[in-house]
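Enquirer: give me a model of this one.
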Amino acid sequence: MSPTATDGMKTNLGEAGSNLKQAASDAGAALVNAASAAGAELKIGKAHVKADLADGALAGLNAAEQAGSAAGEQVDALMDKGRDLIDSAAELIRERPLASFGVAFAAGWIIAKLARSGDK
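Expert: Take a look at the predicted model:
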């Protein structure tokens, strides 16, 4: 007995089903492999992000440390200027004591007048 058209169709449909089943299996395996590769890439990316954040934190700490040093330098410079100003004022008082006394007296009188006028 020779194969009929129905038998041929059944054979071809069975083969097509088998091929579709294999294709689905291959697609599943590809997805699993892709997920695994993506997971590995995510782990590597996470490690890079952590390293970059740590480097950023260290740089921030170094900047804060240097800001403290810079502030100290500025305070020292201001203190030096203040000492120079005091020395200059002391020298002026030694050179012209009467004029210095007069200026100090006038400034005190003006401040007292302003304080009294604010009380009213």
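Enquirer: so residue 32, which of the three states?
Expert: At residue 32 the chain is in helix, as set by DSSP: H, G, I helix; E, B strand; the rest coil.
Enquirer: residues near it, how many?
Expert: The local packing of residue 32 (other C-beta atoms under 10 Å) involves 10 other residues. From N, CA and C alone the C-beta is placed, and that goes for glycine too.
Enquirer: same deal with residue 78?
Expert: By the criterion of other C-beta under 10 Å, residue 78 has 10 neighbours.
Enquirer: what of the one 5 residues further on?
Expert: Using other C-beta under 10 Å as the criterion, residue 83 is surrounded by 10 other residues.
Enquirer: likewise residue 28?
Expert: Residue 28 has 10 nearby residues by other C-beta under 10 Å.
Enquirer: can you tell me the average pLDDT over the helix or strand hosting it?
Expert: Element membership of residue 28 [criterion: DSSP states H and E] is helix 5-95. Averaged over helix 5-95, pLDDT sits at 90.
Enquirer: 33 is where my numbering starts, stick with that
Expert: Happy to do that; since the first residue is 33 now, the last one works out to helix 37-127.
Enquirer: tell me which helix or strand comes right after it.
Expert: Downstream of helix 37-127, the first helix or strand assigned by DSSP H and E is helix 129-151.
Enquirer: what's the angle between that next one and helix 37-127?
Expert: Per axes from the mean of the first three to the mean of the last three C-alpha atoms, to 10 degrees, the angle that helix 129-151 makes with helix 37-127 is 120 degrees.
Enquirer: so how far is helix 129-151 from its chain's centroid?
Expert: 52 Å (C-alpha atoms, centre = their mean, to the nearest Å).
Enquirer: residues in contact with it?
Expert: With C-beta atoms under 8 Å, 6 or more residues apart in numbering as the test, helix 129-151 has contacts from 124-125.
Enquirer: again, only using 6 Å
Expert: Here helix 129-151 makes contact (C-beta atoms under 6 Å, 6 or more residues apart in numbering) with residue 125.
Enquirer: only alpha carbons, please: show that helix as PDB.
Expert: What follows is helix 129-151, C-alpha atoms only, in PDB (Å, rounded to 0.1, in the frame of the first residue of the first chain):
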ATOM      1  CA  PRO A 129      48.600 111.300  70.700                       C
ATOM      2  CA  LEU A 130      46.600 114.500  71.000                       C
ATOM      3  CA  ALA A 131      44.900 114.100  67.600                       C
ATOM      4  CA  SER A 132      44.200 110.500  68.400                       C
ATOM      5  CA  PHE A 133      42.600 111.400  71.800                       C
ATOM      6  CA  GLY A 134      40.500 114.000  70.100                       C
ATOM      7  CA  VAL A 135      39.200 111.600  67.400                       C
ATOM      8  CA  ALA A 136      38.500 109.000  70.100                       C
ATOM      9  CA  PHE A 137      36.700 111.600  72.300                       C
ATOM     10  CA  ALA A 138      34.600 112.800  69.300                       C
ATOM     11  CA  ALA A 139      33.700 109.200  68.200                       C
ATOM     12  CA  GLY A 140      32.600 108.400  71.800                       C
ATOM     13  CA  TRP A 141      30.500 111.600  72.000                       C
ATOM     14  CA  ILE A 142      28.800 110.800  68.700                       C
ATOM     15  CA  ILE A 143      28.000 107.200  69.800                       C
ATOM     16  CA  ALA A 144      26.600 108.400  73.100                       C
ATOM     17  CA  LYS A 145      24.400 111.000  71.300                       C
ATOM     18  CA  LEU A 146      23.100 108.300  68.900                       C
ATOM     19  CA  ALA A 147      22.400 105.900  71.800                       C
ATOM     20  CA  ARG A 148      20.500 108.600  73.700                       C
ATOM     21  CA  SER A 149      18.400 109.600  70.700                       C
ATOM     22  CA  GLY A 150      17.400 105.900  70.200                       C
ATOM     23  CA  ASP A 151      16.000 105.700  73.700                       C
END
